[in-house]
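> I'll drop the sequence and a predicted model, then ask my questions.
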Amino acid sequence: MSYVNRSTVEWQSAIGENIRDARIAREMDQQTLADRASVNRVTLSRLENGDTTTVATLIKVIRALGREDWFDSLDETGGGLSPLALARQESREPKKRQRVSRKVQAS
């Protein structure tokens, strides 16, 4: 199935399955992962079953699994600085003074 044509429920189910698979691959039970993510075990179970949870819960669980790389696909900059961050950085750098050419000074 195309990613574009997935419903919200299908996305929730697919994400839950990926989380469950990652947890099992690490030989963790739900309680251990829930403790590491600082979430309730029932909340983790709901996430794994494709039920509605918060984005904060999803982020906590993904971090507890050590799978922050899953967020890379959401980063439009490809891991580099965003245009806004680049502009902020450039505005903090001291400006270089431009020199007037000697020909202009002699006039």
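Sure, I can see it. Numbering: from 1, shown residues only.
> from now on I want contacts and neighbour counts done on CA atoms only, so please keep to that.
Will do.
> any stretches of the protein with poor pLDDT?
1-3, 75-91, 93-107 (pLDDT under 70).
> any idea which helix or strand comes after the lengthiest helix in it?
Looking across the chain with DSSP state H, the single longest helix is helix 8-25. As assigned by DSSP states H and E, the chain's next helix or strand after helix 8-25 is helix 30-37.
> now do that next one: everything it contacts.
Contact partners of helix 30-37, identified using CA atoms under 8 Å, 6 or more residues apart in numbering, comprise 23, 40, 41, 44, 45, 60, 61, 63, 64, 65.
> now do stretch 54-71
With CA under 8 Å, 6+ apart, stretch 54-71 has contacts from 19, 22, 23, 33, 34, 36, 37, 38, 39, 44, 47.
> could you tell me which of those count as buried?
Applying 16 or more other CA atoms under 10 Å to these, the neighbour count classes 19, 22, 23, 33, 34, 37, 39, 44, 47 as buried.
> would you turn those into TSV with distance to residue 7?
TSV is the format used below for the buried ones among the contacts of stretch 54-71 (distance: CA to CA, whole Å):
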residue	distance to residue 7
19	18
22	23
23	24
33	27
34	27
37	27
39	26
44	21
47	16
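> out of these, flag the one nearest to residue 12.
When the buried ones among the contacts of stretch 54-71 are compared for distance to residue 12 (CA to CA), residue 47 comes out closest, at 7.8 Å.
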